[in-house]
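model this:
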Amino acid sequence: MKLARLISIVLVTLFVLGACSKEEQSNVIKVAVSPTIPPMLFEKDGKYTGIDLEVFEGYCKSRGCTFKITAYDWLGMLGAVTSGQADVAFSGISITDKRKEVMDFSNPYFTSTWQLIGLNKRHIKITDLSQLKKYNIAYPTGSVFDDYVKTVLQPKGYYSVDQVNLYPSPAEALIALQNGNVDLVFVDNVMLVNYQKSLNLPVSSSYQVVGFDNLGFAFKKGSKLRDDFNLYLSELGPEKLKAIINHWTQ
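Next up, the predicted model:
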């Protein structure tokens, strides 16, 4: 009788532990990143860090959930969330109409302007967009700058997408710039500031693009997680969000 009771207790305990384990697994959020976008998401001292990670860590802490990060190149990150391999992607992702067709975005958390940057020693200054024809321009494959070239520069004959040098990440485009393989690189203004202040790179703006884009966290289509994350952004509020951003940008 005692043995039967002991077996019953053990079975119940194992069932409870198993249920907890399954619940914990269901709470693990699969995250896709491209860790080459400072200060939004980048690697430092062997660890991922940046604005996006701090915001998402705050969300998970408030909800009692955990997450697992997988690093990709830029296109791979976007592909992971559109295919459902990842629940969410973040690394300074611009919200565009084309992307909204295949993924759901959070409310915007940051607005950025664009810059064409060059090496200080080259002293390249663009005063008229027709001058772009003389230079080799680079940016990451699948970035928002592709739409800008297609819809703004190309129709006016200033530059063609066929002329663009494409790289898997902004870091590789930047390396190409430093090595003299390209003349100019498209970046968000916040990245330029980070390159100059935090990394002390000898780069500067050659041209400030007229326009801007809103950044958001990208979720797989139909995600309920997106709705709860938007709720968290509201709970966080603009002042606390601004404090997080200022911590990384000033």
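
the chain - how does it break down into domains?
Structural domains annotated on the chain: 2-111+215-249, 112-213, as defined by automatic domain parsing.

how about the ones you listed in TSV, adding mean neighbour count and mean pLDDT?
Where you see a C-beta, it was placed from the backbone N, CA and C, and this is true even at glycine. Putting the domains of the chain into TSV (neighbours: other Cβ atoms under 10 Å; pLDDT from 0 to 100) gives the following:
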stretch	mean neighbour count	mean pLDDT
domain 2-111+215-249	16	86
domain 112-213	17	94
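
which helix or strand contains the residue nearest in space to the middle of the chain?
Note on the chain: the residue nearest the mean C-alpha position is residue 91, at 1.4 Å, using Cα atoms, centre = their mean. Assigning secondary structure by DSSP states H and E places residue 91 in strand 88-94.

do residue 115 as well
Element membership for residue 115 (DSSP H and E) is strand 110-119.

which other residues reach that strand?
40, 51, 92, 124, 126, 137, 145, 148, 177-178, 183-190, 192, 195, 202-209, 211-215, 245 (Cβ atoms under 8 Å, 6 or more residues apart in numbering).

list the contacts of the residue lying closest to residue 130 once chain neighbours are set aside.
For residue 130, ignoring the flanking residues on the chain, the nearest one in space by Cβ to Cβ, 6 or more residues apart in numbering is residue 158 at 5.9 Å. Going by Cβ under 8 Å, 6+ apart, residue 158 touches 129-130, 132-133, 152.

each with direction, which strands does the following helix or strand past the strand holding residue 115 pair with?
Note on strand 110-119: by DSSP H and E, the next helix or strand toward the C-terminus is strand 137-140. As defined by DSSP bridges, the strand partners of strand 137-140 come to strand 165-167 (parallel), strand 184-188 (parallel).

this structure: strands as residue ranges?
28-33, 36-37, 41-44, 47-49, 66-71, 88-94, 103-105, 110-119, 137-140, 165-167, 184-188, 203-220 (DSSP state E).

turn these into a markdown table, including distance to residue 241.
Shown next, in a markdown table, are these (distance: least, Cβ to Cβ, whole Å):
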| stretch | distance to residue 241 |
| --- | --- |
| strand 28-33 | 19 |
| strand 36-37 | 18 |
| strand 41-44 | 16 |
| strand 47-49 | 17 |
| strand 66-71 | 19 |
| strand 88-94 | 14 |
| strand 103-105 | 16 |
| strand 110-119 | 8 |
| strand 137-140 | 26 |
| strand 165-167 | 30 |
| strand 184-188 | 17 |
| strand 203-220 | 12 |
